[in-house]
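Student: sequence? don't have it. structure:
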């Protein structure tokens, strides 16, 4: 019985992230539009976009290979599995022990690896420019993320995200310098990895200035829908990660019962709203930077993460 | 019994070498020699397995070598593990070689040296005295040198062979002196006596330096790596696979045997040296690899990076061991040995794949390849698996060993020394950086070689290679996947070798855990389950694909590439290896290689081509090796005068040296 219960919670978690993800992106777009004094599209627009794309035929470039057709599904799956491993409304779900934070970072790396290959597959220059810049950004962003993960795991004594969330909720962690550093580092990484301003502009129409959008330029139809959905999920994943570590309040634990789960879901949606609103305000208030300024921006995140880890190494013996 | 069988196989491999000379003219020579080599390697592999899995340590003394001393041989769990690595790689490379060599001028030329090379590597691992060890080590160097010189009419190969020979003899000299220090003034050259004696504290830095120079130069640590990207690519591809995948591991074995076993208890600062060397090697190795456009050179530089990762694991183990934290040492050693196995698997796979590309197209310059995924589907798929594994992507094997290394790093705040407290986070950051750069490097390697459109006529008409080549590549790809999804079995298999080195401590048994999870420390701390992740990913991906095709659209139309409306661009407009690496070169290259770019734009209205000049400097070669070579050159010119003295001056010189030596002896005592 307990096993069935666990499976239901895990399935609920997986469905919840997929269902909410387009809404989060829609919400960010809506807030941004309001801040620019436009009316903005409806919150449901991303859902409608996905539905429309899914029903269209795929136009494949003549030079594309099987890899090009497989990558949208692989990317979406890798990000979905990673998102399913992050506690959203409840900690300690059934599969959360099968991969820890390091594995989540690596799963996101897997998604990026195959997407970058797909950018090179057709053999056009825009795909190449996107892939090459994406890998350049990732080569600094991924170590920064790992250093942030190190700091969190040293603090909580575990690399399991559920344990970290539990630690943050139950222990009186208080204000810690290393936590602050990690928060800033993770925010920078999240902005870069989700191709948001100031690193990349998801709404531009000039391909030379794009990174992520240039890489997926050749995709169409259902393939593009999978890639768009993966991008929505990735934004949700980072928002959930930040929420479960830095705003752990209201999260239920597996076995708490339906009432706690309900509270957990409401709290989770509230946290997402806050994160989406903050992202929209941040994006509206800043300009995009040149591509070769990005490594300096991300280098700051790497240094902050390293500093956070270093502080914990040093303070252990005091 | 097992050791006798192993010795018989090694002797058979040695005998096969002269036999290969006599039959090399015939058409049957290659299948016979490679088939017998593969058989011998397989027997060796099976014979080593019982000791690896906890059998007794076997010892034998043969009446060979130095009179009255004999040749000491020993098979313990550590030696058995490296025997498995050597012979797995050896057997697969030999099988591959049966079908390989269509494009080569004289593929029979390597035949006598391959069995001798394999035998020498096996002998290094089971040696139990300094004489046998150094003899086998030098034999390994010489046979591999002969293999590097296969294509000796090519000037590049001759240069590579020369640099390799110089570095190899320098390395052996350092190891000879290191064994001299370990043997002490009594001259006990068997490893058993070396284990019992302890080294004076003053001599410890000298020993560490000699071992790093000797074993490290063979493994390719920075700055002694310069020969490796020259020599490994010069040989035929199955030999490159052996040299990169297997011989560097024998060099790692040399370091482990001396530092963890023979040197006795070591001071904590040893770990600092090894960690710094490992971190620098890892980051610089992958940066060098990113700058290459020759596929084999890229892979060879990438071997340097992986040696760095292994050294980081060994350095952590030394740090834990010096502080009596046996569990941490066991974890770090498990990570290092796991990575040794992993690297031998995926690096062999990638070199064999490069060999297949070379056979099919005649090119190993990535700028002349492209689009091979359409023409060579099996090679492309296996090469892709190798690329994903070496980039540490879950659920493949490269990720597991990096994950274990990260777990060891997370145990290290408990180390008491301040130097280590400051160093280890930086080492962790450089490990993370090198992993991320490795992913970029292999996106480039796979993407430019196999994806896109063909950049040369040969690439456009390439054909899939023979069944031996594809079979061995499939085998290695399957092993990469198995080692990734069943890591618990491998950690358990390593446990006896680890326990030998870490004073009896080992990781808790993993294969009895539910769902075949990997839990190195405790379930609350960290766990990883590659099998579950794989099942999860495969099931979800196929479910989504089926659902999308069933309920949404399944219509497909082929058309010209969109490319923002630019019609039918030539394949030359694709991203090349050089352009792919450009952003990373601009970010990291200025510091590491003093890279500079200059664009020459013609005046508006003039119809000349614009030019982009890129300058990349190999600073280690310029600042370290060029000055040394110059100094040697100057000294030899000066010393040349000594060859034209009169007999009286020679006698005077001899007398003066005698007096100086006697005076020195008198003063020393």
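Tutor: Happy to help now that I have it. Values in this document were obtained by computation on a predicted structure and should not be read as measured data. Residues are numbered from 1 along each chain as shown, chains lettered A, B, ... in the order given.
Student: what's around the residue of the stretch 501-650 of chain B found nearest chain A, how many residues?
Tutor: Nearest residue of the stretch 501-650 of chain B to chain A: residue B:575, at 2.4 Å (C-beta to the nearest C-beta). Any C-beta I mention is one placed from the backbone N, CA and C, and that applies to glycine too. Other residues within reach of residue B:575, judged by other C-beta atoms under 10 Å in any protein chain shown, total 25.
Student: helix, strand or coil for it?
Tutor: Taking DSSP: H, G, I helix; E, B strand; the rest coil as the rule, one finds residue B:575 in the coil state.
Student: Residue ranges in the stretch 451-600 of chain B under the pLDDT threshold?
Tutor: Under the criterion of pLDDT under 70, the regions of the stretch 451-600 of chain B flagged as low confidence span B:568.
Student: can you rerun that using 90?
Tutor: Along the stretch 451-600 of chain B, the parts satisfying pLDDT under 90 run over B:502-527, B:529, B:532, B:536, B:551-555, B:559-573, B:589-597.
Student: Helices along that one, start to end?
Tutor: Using DSSP state H, counting those that start in this stretch, the helices assigned to the stretch 451-600 of chain B run over residues B:457-460, B:467-485, B:487-501, B:530-551, B:577-584, B:590-593.
Student: For the second one, list every residue counted as buried.
Tutor: What it means is helix B:467-485. Buried residues in helix B:467-485, counting neighbours by 16 or more other C-beta atoms under 10 Å in any protein chain shown, are found at B:468-477, B:479-485.
Student: May I see the helices of the stretch 451-600 of chain B organised as JSON lines, with distance to residue A:298 added?
Tutor: As requested, the helices of the stretch 451-600 of chain B are arranged in JSON lines below (distance: least, C-beta to C-beta, whole Å):
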{"stretch": "helix B:457-460", "distance to residue A:298": "36"}
{"stretch": "helix B:467-485", "distance to residue A:298": "29"}
{"stretch": "helix B:487-501", "distance to residue A:298": "31"}
{"stretch": "helix B:530-551", "distance to residue A:298": "27"}
{"stretch": "helix B:577-584", "distance to residue A:298": "12"}
{"stretch": "helix B:590-593", "distance to residue A:298": "16"}
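Student: Format those helices as JSON lines; extra columns: distance to chain A.
Tutor: Shown next, in JSON lines, are the helices of the stretch 451-600 of chain B (distance: least, C-beta to the nearest C-beta, whole Å):
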{"stretch": "helix B:457-460", "distance to chain A": "12"}
{"stretch": "helix B:467-485", "distance to chain A": "11"}
{"stretch": "helix B:487-501", "distance to chain A": "12"}
{"stretch": "helix B:530-551", "distance to chain A": "4"}
{"stretch": "helix B:577-584", "distance to chain A": "4"}
{"stretch": "helix B:590-593", "distance to chain A": "11"}
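Student: Ok, which of those helices comes nearest residue B:424?
Tutor: Closest to residue B:424 of those is helix B:487-501 (C-beta to C-beta; 20.2 Å).
Student: counting contacts, what elements does the closest one pack onto?
Tutor: Packed against helix B:487-501 by the contact rule (3 or more C-beta pairs under 8 Å, 6 or more residues apart in numbering or on different chains; DSSP states H and E) you find helix B:29-52, helix B:77-99, helix B:326-361.
Student: Was I right to think residue B:123 contacts residue B:132?
Tutor: Yes - applying C-beta atoms under 8 Å as the test, residue B:123 and residue B:132 come out as touching, 6.8 Å apart.
Student: coming back round to it: close enough to count as contact, the residue of the stretch 501-650 of chain B closest to chain A and residue A:122?
Tutor: No - contact status for residue B:575 versus residue A:122: not in contact, 10.8 Å apart, counting by C-beta under 8 Å.
Student: ok, the nearest residue to residue B:321 once chain neighbours are set aside to chain A distance?
Tutor: Nearest residue to residue B:321 in three dimensions, chain neighbours excluded: residue B:329, at 4.3 Å (C-beta to C-beta, 6 or more residues apart in numbering or on different chains). Using C-beta to the nearest C-beta, to the nearest Å, residue B:329 is found at 18 Å from chain A.
Student: Perfect, that will be all.
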